[in-house]
Every structure is written in C-alpha cells, then in structure tokens.
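In: Just to be clear, the model below is a prediction. Sequence and coordinates:
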Protein chains: 2
Amino acid sequence: MGDGITVSNVLIRKLERYTRLSQVDRDACHALSCSRPRHYRAKEDVVREGDRPEFIYLILDGWAGRYKYLPDGRRQIVSFFLPGDICDINIFVLREMDHFVGALSRLKVAQITRGDFETATLDNPRLLQALYWDTLVATAIQREWALNLGQRSALERVAHLICEAFIRLRVAGRTVGNRCDWPITQIALAEASGLTPVHVSRTLQALAAQGLIEMENRTLHIPDLDALMQAGLFTAHYLHLDHEGRHIDSNEG
Amino acid sequence: MGDGITVSNVLIRKLERYTRLSQVDRDACHALSCSRPRHYRAKEDVVREGDRPEFIYLILDGWAGRYKYLPDGRRQIVSFFLPGDICDINIFVLREMDHFVGALSRLKVAQITRGDFETATLDNPRLLQALYWDTLVATAIQREWALNLGQRSALERVAHLICEAFIRLRVAGRTVGNRCDWPITQIALAEASGLTPVHVSRTLQALAAQGLIEMENRTLHIPDLDALMQAGLFTAHYLHLDHEGRHIDSNEG
DNA sequence: CGTTTTATTGAATGACGTCAATCACTGTGG
DNA sequence: CCACAGTGATTGACGTCATTCAATAAAACG
C-alpha cells in the first residue's frame, strides 16, 4: 500500500494536514527523511529503557511501538508509531529513556541527530511549528489511550485502536480506499489494548462476524468505517485533524 | 498539611527539584502564583471540552483531574493535577480542548494568561526550561498510566496511584512524614483507575488489611512506603526526579 | 439539621483470563 | 524444492477477578 509514494512524502503529507509548507520546508523534510536510514525486523528494539537519548526517529515504513514493562514481564504498548510519525523531538532534554521503542513489523526509520533536526528547523519556523503541533497531537492520543484502556470494553477497545490506526495511516497516505496494510500481530494488538492474545483473536472474530472488518493476507479492509467507529465509540476530535479546516471525512486515501 | 508554606512555594519547591532557580526566577514564579486566583468546589469544571484555550492553570491547593467521556457517560480521569502542577503550557497552540479539567476536591488555582506566562519566562530561561521539563515529566506520567490501566491488577493499580500521588505531593512539599491530605473520593479514584467505586472500596480495604495504608479523616498514612511501592510495582524512574542528582529517598516532606 | 453524596456489604453475574492442544504460517537452511 | 523449527492464530473448557445490583450506613455539605 502507498506504492509509488516516495518516503519523504510520508512526513510531508502528514504535516501538510496541519499547515502549509513552503518548498524549503519540504526540502528540509526530505533531508530529514534521508538521514541515517536503518532497518529492523519485527521484535527488534530501536531504543531501550535507560539509554541516553541519541536520535529522533522518523518512521518511514512499518510500525513501531513504545512500550513499558512490569517487573514480572507484563508488557504494555503505550503508543504506536506509524509511517510519517516522528518520535520525541524533545527527547534530548531527558537524561535517560524511561521506556522502550521496538519494531512491531519490518521497520524502516531515519535516525535524526540533534544537529540534523536543528539544521532542518532553524530557518523553517513553519516546519518546526508543524512538528511541534504533531507532538501535541501525540500527547492527545496518549490521553485517549488512557480512556481506551480504562473504560472501553474489549470489543470497543480493539475497534477503537483499528479506527485510530486506519485514520492515522490515511493521513500519512498509506491507505487505498478502505484498505491498508496491517503488518502487526495479534500479540502486539493485545499488548496495546491490555487484553490477552486469545481474547484479541476472539474479539477480531466478533468484529469480522459483524461485518465491521475483513482481514486477509495482512491487509485490513473496513467495509463501513462509520459503523466501525460507532462500535469503537470513536470520534476523531482528539487527532485535531481540522487545524486548517480540512475534515476527516474528505475522500482521500 | 503543608501549613505555613506560602502558596508560591508550591511551584518553586517543585521546580527546584529540576533546576536551580535564581531569585529572579523565584520572583517570577511568585508572580505566576498570584495571578487571577480562583476557587472551585469539588466536581466543578475548570475547563470544558470544546473550549478555546484561554488560561494556563497553576494548582495552588487541592486536586484537579483531567478527564474524558465516552458518549454513554463513562468517564476516565487521565491525569491528576496536584498542588504545584501546571497544566498545559503549550495549550494555546490547540484550537480547542479535547478534554475536561475539573476539581476533584476544593480547589484553588491561578489562572495564567499567555501574556503573564511570556512575561514570567521571557528573561528567565531557567524557569522556562524547568516548566518545559515539567511537561515532559507529565507526558511520562501519562505513559505510565497506560501501563497502569492496561497491565496492573486492581490492587496493584490503586497502590501505584497512591504511591505516585504521595511522591508527587512530597516533591511539592505537601506531605508531613509519611502522611498527606487525601481529599479525593473513592469515586474519583475509581475513575482514575478504571475500576468501579465498589471495587475501589474493597481494594482500599485490602490494602489497609495488609497494613499498607491507613486512612482517617481524609488523611492518608503510609506506614511503609517501600512495601506499598512493592505492592504497586512502583518505581519512580518515570518521574525523572534525579535530574540534578537528588534522590527520591532523601528524607524530605 | 436535613439532604445529598459517599462508602460499605453481600450475592449473583459476566467478561475476560488461563491453560492446553491443535493448526497455519513464515522464514531458513540443507 | 522440501523439511523443519519457531512464531502466531485458533479453539474449547474452565477459572477468576471485577462488575452489577441492591440495600444500608456514614459522612459531607449547605
């Protein structure tokens, strides 16, 4: 999915949802996208707890997850990083990481140094502003996940996660109609939703039985997004997609 | 608790955990603490979803909560605001609020305008840096809550919340030995922990039966904080209290 | 002081977890 | 190309933790 789209477009396309970028901004984005490309396989760690922050990561392809452990090994994915996502532009302020970042699928990232970042944003206030805005949206998502984990039932929770991922992928230009790649395992989905893999399996089957999702070959098809949103009690407010008056239901993707 | 401490000290004391403030910084803090004082009673809203952001709030006394609703009325508190906490210094970037902030007890806040904030921080980079740091800690706390809600059992979850609140209060100078005011209801605790009030009641009783907490007259007593931390699988890493090499177990409070 | 909110208790229900076995898929190397 | 190992998905039976409902007692508040 998203074939024929150059990697740099993933970031540009997303940021242009928030603001209008100049050609210089776009060039800077492109430069960021090209810095230090790295590949990971699923389950490889990108960043470990206790590490000194070294890079900002830009996701070019695949999914990553931010996660935390309990001492006995229980693990919670606290956020997804999808193509076009930038993780932690403020990271250098922290002395050490309090969590892990790992690949949830085959993953391609750009490693951005502090210097790269400063170079890219120094003379491009719009770009900096857009990136900054993006981090505020990320914290809004983090809050929504607390609501998801604390209040929604298993079915609602999984439906909500799927809606959110799909819409974020659509913003990044990684959907085709009502389809998208779905590279992550049910185990990862379980760790993100605070459920067991067994129950996630049953829940996905329940969603499929209601005709809300179709899964085939690591591809997700959502026949009726509105219906899925309703099942997940999903509203996109918290994604703040309408900054420039553009709306989530415009027919893109 | 915390009697004899002037309100401005709540903020100063907390920030000095992160950095060393000059007298000018402290004066600026004091000014912030004095701007537009407002009082609320428990359950009153401070900020509503959909509002245009108008003020930054500094908590002077009492507890507030950030919360989100599901359409059917289920409610999740996604963060606590305790004395000395500042809520959302970046808030003016957002077009509208995607959540509520409400008083969880009698509450005293300072309403800080954009102008107040800029005045206070313009010539005080240390202060700005400390406030900025504080917001990073707030997002780290938000992540920890996802872990709490997603993975911890009821007992662990409540124990963890209590540990976190107690230590944050201690940083703000609002504890006396191993005691602190505990002004919030079990209902609020339930909404924060994703449990029912009934089960919170039973869980608190279980903690009390194990000698981990004692509750009397809206005052919390923690006979053995280490033991409670262990019950809640609590480690303070994510609060990043050791920025300047100061440690959580230094005998303060 | 009366009214409302909060806390407690018990019993019954239900959602999700656990365990264990089986099956399907993916990637790897011979 | 096939065999194999390892991971992931599925299924059923059963267990349990937390919810729900309802009734009562105790605080908090105006």
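Out: Everything's here; your move.

In: give me every residue that touches whatever residue of the stretch 1-150 of chain A ends up closest to chain B.
Out: In the stretch 1-150 of chain A, the residue that lies nearest chain B is residue A:150 (3.2 Å; C-beta to the nearest C-beta). Every C-beta, even on glycine, is put in place using the N, C-alpha and C of the backbone. Applying C-beta atoms under 8 Å, 6 or more residues apart in numbering or on different chains, we find residue A:150 in contact with B:76, B:78, B:149, B:191, B:193, B:194.

In: Can you list which of those residues are found in strands?
Out: Members of these lying in strands (criterion: DSSP state E): B:76, B:78.

In: I'd like the distance between the residue of the stretch 1-150 of chain A closest to chain B and DNA strand C.
Out: 12 Å (C-beta to the nearest atom of the strand, to the nearest Å).

In: so what's that residue closest to, chain neighbours aside?
Out: Sequence neighbours aside, residue B:194 is the residue nearest to residue A:150 in space, at 3.2 Å (criterion: C-beta to C-beta, 6 or more residues apart in numbering or on different chains).

In: Phi, psi for that neighbour please.
Out: phi 70, psi 30 (degrees, to the nearest 10).

In: Give me the contact status of stretch A:220-238 with DNA strand D.
Out: No: Stretch A:220-238 stays clear of DNA strand D (C-beta under 7 Å from any atom of the strand), getting no nearer than 11.9 Å.

In: Is DNA strand C within reach of that stretch?
Out: No: Stretch A:220-238 stays clear of DNA strand C (C-beta under 7 Å from any atom of the strand), getting no nearer than 12.7 Å.

In: Give me the buried stretch members for that stretch, please.
Out: A:220, A:222, A:225, A:228-238 (16 or more other C-beta atoms under 10 Å in any protein chain shown).

In: Kindly indicate which of those residues lies nearest residue A:166.
Out: Set against residue A:166, the nearest of these by C-beta to C-beta is residue A:222 (6.2 Å).

In: The closest one and DNA strand D: what is the separation?
Out: Distance from residue A:222 to DNA strand D, by C-beta to the nearest atom of the strand: 17 Å.

In: distance of the nearest residue to that residue once chain neighbours are set aside from DNA strand D?
Out: Distances taken as C-beta to C-beta, 6+ apart put residue A:178 closest to residue A:222, at 4.8 Å, once the chain neighbours are dropped. Residue A:178 is 20 Å from DNA strand D, where distance means C-beta to the nearest atom of the strand.

In: I'd say residue A:178 and residue A:225 touch.
Out: Yes: counting by C-beta atoms under 8 Å, residue A:178 does reach residue A:225; the two are 6.3 Å apart.

In: Just list the residues touching residue A:231, thanks.
Out: A:155, A:156, A:159, A:207, A:210, A:212.

In: Quick check: residues of chain A near DNA strand C?
Out: A:153, A:154, A:155, A:194, A:195, A:196, A:198, A:199, A:217, A:218.

In: circling back: if we only consider the contacts of residue A:150, which is nearest to residue A:143?
Out: For the contacts of residue A:150, the nearest to residue A:143 is residue B:78 (4.6 Å; C-beta to C-beta).

In: Who are the contact partners of the residue nearest to residue A:66 when sequence neighbours are not counted?
Out: Closest residue in space to residue A:66, ignoring its immediate chain neighbours: residue A:79 at 4.5 Å, by C-beta to C-beta, 6+ apart. Contact analysis of residue A:79 by C-beta under 8 Å, 6+ apart lists A:65, A:66, A:138, A:141, A:142, A:145, B:143, B:146.

In: Just after the lowest-mean-pLDDT helix or strand in chain A, pick out the following helix or strand.
Out: Every helix and strand in chain A was compared by mean pLDDT, DSSP states H and E; the lowest is helix A:7-15, with a mean of 84. The helix or strand immediately downstream of helix A:7-15 is helix A:23-34, counting by DSSP states H and E.

In: Am I right that residue A:230 sits in a strand?
Out: No: Residue A:230 is assigned helix when assessed by DSSP: H, G, I helix; E, B strand; the rest coil, not a strand.

In: Give me the distance between it and residue A:215.
Out: Residue A:230 is 19 Å from residue A:215, where distance means C-beta to C-beta, to the nearest Å.

In: now swap in residue A:192 and tell me
Out: 16 Å.

In: Same check on residue A:92?
Out: For residue A:92, the distance to residue A:215 - C-beta to C-beta - is 40 Å.

In: ok and the longest helix seen in chain A relative to helix B:125-151, angle-wise?
Out: What stands out as the longest helix in chain A, according to DSSP state H, is helix A:125-151. Angle, helix A:125-151 to helix B:125-151, by axes from the mean of the first three to the mean of the last three C-alpha atoms, to 10 degrees: 30 degrees.
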